[in-house]
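> task: produce atomic coordinates for the following.
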Amino acid sequence: MLQLLVVDDEAHWVESLVETIPWDTVGIGQVFKAYSGKEALHVMSEQSIDVVITDIRMPEMSGLELIREIRKVWAKTKCIILSGYADFEYAQQAMQYQSFDYLLKPVCDEDLLRTVHQSVEVIRQEWEQVASYESSMQVFRENLPLLKSNLLDELLHVQTYSEERWLARSKHLNLPFAFGAPYMLMLARLEDGFERFKPDLAEFALGNIANELGKSHFHFWYTSDVHGYLVFVLTPKEPFGPEPVPGMDPLEARQQMAERTALRLQHNAKVFLKGEISLALGKWGRFPEQLSASYKEILSAFRQKVGGDKHFFLKIMEAAPELIDIQALTRLYEPPSLMHLLEAGRWEDAEVKLGDVFAELDQKPFQTQEHVMEVYFHLQSTFIYLCHKNNQPVLGVDSMLEAGPDNRIDSIERLRRWAFDILYTLRDSVIAEMKISRKSIIQKVQQFIDKHLTGDISLNTLARHAYMHPTHLSKIYKMETGEGVSQYIHRIRMEKAAFLLKNASDMRIYEVGEQIGIANTPYFIRIFKKYFGVTPQEYRES
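This next block holds a predicted model:
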């Protein structure tokens, strides 16, 4: 839902528009009020306003002057003029300032709602175009973004980078980041709502939106780090875009515009991508020599907020001053991963991999509880995944789950013993029970279907119940029974429906449908007739 601002020096007119019109019917979720142009600009600076309705004639600042100021900073905001003057000159100036529409007072609710709805649709189309699948895929196919992303990832982890080397690389990749220029880091974590996106496409969409929001003030550059965070670098453009408030100190203006861009990114991600993001803004630094240190600082501050906190906005200057100088583990994530080695049955290589992980963990920068728990949870999820993949109960699950909360694994040595014990136990169990009876799998799935016919019996649910991948389960089921899982479910439903129709005469047709998990009665009648050649009622009466 978008946000609307109503501006007029006549308070009763503002109150009437805000309180009496059903704005939610045209996609407006919240309506703000202002009684002057200056107050409207203040609201705009504090809130993410998408549509503005303003009168023309107001004291101190006219509606046209207000629109002109809005255009300097919020180019995508749609402005609708309500005026009691059918003056061609006013209308001409309104067009000059790119107002969305010009309506004459008094205006009926239907006309106003129609105009606002049209502006909402235009806004949605504009942002959908920015974050669209097609434009994202077009950028995705290009090699340049990948090269830029890899270079930024490199800069985040190296301590020094010569000016000569940077000039050559930046010129080759057409990067407008001057050596020694001021920069700020912004860290983003994708939260709820982004599961439906492929990670690369979600990142490209957010990158495009961020660039669109800040393009009048900043150059943007981003990459995805090893932790799955989006790391943005922004540097001010020269000349810097319109100041948020005329005459503001340049450094303060730069900071305020960076914060405003971050908040707009958070807002637009929720509205147009239907997903939430958590954001952290770092301190200003000198590019690129301070980039690696800035990244460590913002990552440390961000991790202190990780846990139950979601959809937050953090500024480093507001973070706790005692930030840990943190370094990222590398051996744990280097290919081939432990999971891939275990899946392939390469047990000796997996043992070597674990040894390498602990060799790095033994080094001083990584001897922290945070790193210990990072390795613990990574290994725990890997071992549990392999148990499920091999259709086995999780081995030692009690001790595995209890280790974290009661701090039993509070040292590298205890973690080392735990990890190798689990690895050896898992290896012996997998080797001993390599082949699982397919017949028992089919029986287990069919029993689950029979008991849960009115509930969730999707392929994914059945696969979880059988501790298998959905594709693998479907293949085995078809191979063993000669019919697909969905065919079996359909047949069982139809057979049960036929039985109920003949043996439960007091049960209505829609109740029969509900008993087999089909609450849509017309749909039930249609598929029943397709299966038996007659409707449920005809079948009952036959």
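> right, and residue 275 touches residue 193 too?
Yes: assessed by Cβ atoms under 8 Å, residue 275 is found in contact with residue 193 at 3.2 Å. Bear in mind the C-beta positions are built from the backbone N, C-alpha and C, glycine included.
> neighbour count: those two, which is higher?
Each of residue 275 and residue 193 has its neighbours counted (other Cβ atoms under 10 Å); residue 275 has more, 20 against 16.
> centroid residue for the chain?
Closest to where the C-alpha atoms of the chain average out (Cα atoms, centre = their mean) is residue 194, at 3.4 Å.
> contacting residues around that residue?
202, 273, 275 (Cβ atoms under 8 Å, 6 or more residues apart in numbering).
> swap in residue 170?
So residue 170 contacts 176-177 (Cβ under 8 Å, 6+ apart).
> run the last query once more with 10 Å
Going by Cβ atoms under 10 Å, 6 or more residues apart in numbering, residue 170 touches 148, 151, 176-179, 288.
> please apply the same query to residue 240.
Counting by Cβ under 10 Å, 6+ apart, residue 240 has contacts 216-218, 250, 253-254, 257.
> wait, is it part of a helix?
No: looking at residue 240 with DSSP: H, G, I helix; E, B strand; the rest coil, it is coil, so not inside a helix.
> which pLDDT value goes with it?
Listed pLDDT for residue 240 reads 74.
> quick one, phi/psi of it?
phi -70, psi 150 (degrees, to the nearest 10).
> what separation is there between it and residue 255?
Counting by Cβ to Cβ, to the nearest Å, the separation of residue 240 from residue 255 is 12 Å.
> show me where pLDDT drops low in the stretch 1-150 of the chain?
85-92, 96-98, 133-142 (pLDDT under 70).
> which parts of the stretch 151-300 of the chain are helices?
163-173, 199-214, 250-272, 291-305 (DSSP state H, counting those that start in this stretch).
> buried residues in the shortest one?
It stands for helix 163-173. 166, 169-170 (16 or more other Cβ atoms under 10 Å).
> want to throw those into a markdown table with distance to residue 283?
Shown next, in a markdown table, are the buried residues of helix 163-173 (distance: Cβ to Cβ, whole Å):
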| residue | distance to residue 283 |
| --- | --- |
| 166 | 21 |
| 169 | 25 |
| 170 | 23 |
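> ok, the residues you listed vs residue 461, which is closest?
Using Cβ to Cβ, the shortest approach to residue 461 within these belongs to residue 169, at 50.0 Å.
> and the closest one, what pLDDT?
pLDDT, residue 169: 89.
> most neighbours among the contacts of residue 170, please name it.
residue 288 (25 neighbours).
> what residues are up against that one?
151-152, 154-156, 158, 160-161, 163, 166, 170, 177, 179-181, 183, 233, 294.
> show me the domain layout of this protein.
2-128, 158-315, 338-423, 453-541 (the TED database).
> ranking these by mean pLDDT, which is last?
domain 338-423 (a mean of 77).
> off-centre distance for it?
Centroid displacement of domain 338-423 relative to its chain, using Cα atoms, centre = their mean, to the nearest Å, is 29 Å.
> tell me which element residue 53 falls in.
Secondary structure from DSSP states H and E places residue 53 in strand 51-55.
> can you pull the contacts of residue 209?
So residue 209 contacts 127, 130-131, 264-265, 268-269, 272-273 (Cβ under 10 Å, 6+ apart).
> next: residue 531.
Residue 531 touches 490-491, 493-495, 497-498, counting by Cβ under 10 Å, 6+ apart.
> report the buried members of these.
Members of these classed as buried by 16+ other Cβ under 10 Å are 493-494, 497-498.
> what is the nearest of those residues to residue 356?
Nearest member of those to residue 356, counting by Cβ to Cβ, is residue 493, at 52.8 Å.
> leaving out the residues flanking it, which one is nearest to the closest one?
Closest residue in space to residue 493, ignoring its immediate chain neighbours: residue 516 at 4.3 Å, by Cβ to Cβ, 6 or more residues apart in numbering.
> just the helices in the stretch 1-150 of the chain please.
11-20, 37-46, 63-73, 88-96, 109-130, 133-140, 144-157.
> export the contacts of residue 240 to a markdown table and append columns for neighbour count and distance to residue 372.
As requested, the contacts of residue 240 are arranged in a markdown table below (neighbours: other Cβ atoms under 10 Å; distance: Cβ to Cβ, whole Å):
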| residue | neighbour count | distance to residue 372 |
| --- | --- | --- |
| 216 | 16 | 46 |
| 217 | 22 | 42 |
| 218 | 25 | 39 |
| 250 | 10 | 45 |
| 253 | 20 | 44 |
| 254 | 22 | 40 |
| 257 | 23 | 41 |
